[in-house]
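Model the structure of this input:
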Amino acid sequence: MITIKDVEFSYGKQTKLLSDLNLELAVGRIHGLLGKNGEGKSTLLKLISGLVFPKHGEIEVMGFDPSKRKPEMLQEIFFLPEELPTIRLSIENYEKIYAPFYPGFSSEQFDQYLKEFDVDNKKALLYKLSHGQKKKVMIAFGLATNTKLLLMDEPTNGLDIPSKGQFRRMVAAGVDDNRCLIISTHQVHDLDSLIDNIIIMEKHEIVFNQPIEKIGEKLLFRVADRNNEDENVIYSEDTLRGLFQVCKNTTGEDSKIDIELLFNAILSNTKEIIKLF
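Residues are numbered from 1 along each chain as shown. This is a model prediction of the structure:
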């Protein structure tokens, strides 16, 4: 679906924001793009969608060069930015104007997603809605486009806790083997039990890109008592419940992957974890 080779990018004459970036992403998966604010996650999504162009390197999306911005490519990409523009249209008029651009758009799905998000008035003006309500409308619209590639930048910002749960359920049901979804966020726990592949950016580079199943094979996540000493421990966090640990999985034991713990472990001990993969 997406191939990125040796990409460099900077805004104007500023220091390079992205350098020597390489990445391959497969179709039929939900990719979580994780990293602290300012690491270049949003810029990477813009590069993939053709909103900005690399200074060096190559990007291929569905067989297209995104910098050419061909309609055949654009009609198969929906990009939900973190900051939504001011749209002086009602929900129903927004649908009438923009839905025809996407050949796979389903009005029935859009209505169903809005219903699940408790948005029940399509005559409401988008710019008068709260930030959270606007996010719900645009998430629903994006899912209903049925584009092959769906990019979401911090989609859960502005959503309350019940809506975040609803978001996870809707996204999980809305992605099939013909679709690729990339969700960028610094709120790691919001993607729990949703994503199939974890990509982590640190210091403007991609330092980790692995499928969930392989992470489970190589790493063990556990809670241990404070007297526990184990040479297989890679990272520990001391909590009231004990030591939350990421360990080398030498026994093939199954454990529930803690994405937030993994994220912290990689940022503190990148080389040790990368060796295992």
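
C-alpha from now on. contacts and neighbour counts both.
Fine.

can you give me the helices in this protein?
41-49, 71-74, 91-98, 107-116, 131-145, 161-174, 212-218, 259-268, 270-276 (DSSP state H).

what does the fifth one rub up against?
Helix 131-145 has contacts (CA atoms under 8 Å, 6 or more residues apart in numbering) with 78-80, 84, 91, 95, 99, 102-107, 109-110, 113-114, 117, 119, 126-127, 150, 155, 157-160, 171, 174.

how about stretch 28-47: buried residues?
28-36, 39-47 (16 or more other CA atoms under 10 Å).

Now do the contacts for the most centrally placed residue in the chain.
Residue closest to the average C-alpha location in the chain (CA atoms, centre = their mean): residue 183, at 1.4 Å. Applying CA under 8 Å, 6+ apart, we find residue 183 in contact with 30-33, 151-155.

Share the number of residues neighbouring the residue lying closest to residue 107 once chain neighbours are set aside, please.
Of all residues not flanking residue 107 in the chain, residue 144 sits nearest, at 7.2 Å (CA to CA, 6 or more residues apart in numbering). Residues within reach of residue 144, counting by other CA atoms under 10 Å, total 22.

Could you tell me how far residue 144 is located from residue 72?
18 Å (CA to CA, to the nearest Å).

can you check residue 84 too?
Distance from residue 84 to residue 72, by CA to CA: 24 Å.

Residue 57 too?
22 Å.

neighbour-wise, which of those two wins?
Legend: neighbour count by other CA under 10 Å for residue 57 and residue 72, higher for residue 57 (16 against 10).

Look at the residue lying closest to that one once chain neighbours are set aside and say how many residues are nearby.
Distance criterion CA to CA, 6+ apart; nearest residue to residue 57, sequence neighbours excluded, is residue 7 at 4.1 Å. For residue 7, the number of neighbouring residues by other CA under 10 Å comes to 20.

need the contact list for residue 7.
For residue 7, the contacting residues are 18-22, 54-59, by CA under 8 Å, 6+ apart.

separation between it and residue 66?
13 Å.

Report the separation between residue 219 and residue 252.
To residue 252, residue 219 is 9 Å away according to CA to CA.

Compare the two and say which is more crowded by neighbours.
Higher neighbour count among residue 219 and residue 252: residue 219, with 26 against 12, using other CA under 10 Å.

Residue 249 is in contact with the more buried one, correct?
Yes. Residue 219 lies in contact with residue 249 (CA atoms under 8 Å); the separation is 4.7 Å.

ok, the residue nearest to residue 45 when sequence neighbours are not counted - how many residues close by?
Once flanking residues are discounted, residue 45 sits nearest to residue 151: 6.8 Å by CA to CA, 6+ apart. Using other CA under 10 Å, residue 151 is surrounded by 24 other residues.

Contacts only, for residue 151.
So residue 151 contacts 45, 77-80, 181-184 (CA under 8 Å, 6+ apart).

Test for you: state the pLDDT assigned to residue 2.
Listed pLDDT for residue 2 reads 95.

contacting residues for the closest residue to it other than its chain neighbours?
Leaving aside its sequence neighbours, residue 2 sits nearest to residue 61 (CA to CA, 6+ apart; 4.6 Å). Applying CA under 8 Å, 6+ apart, one finds that residue 61 lies in contact with 1-3, 48, 73.
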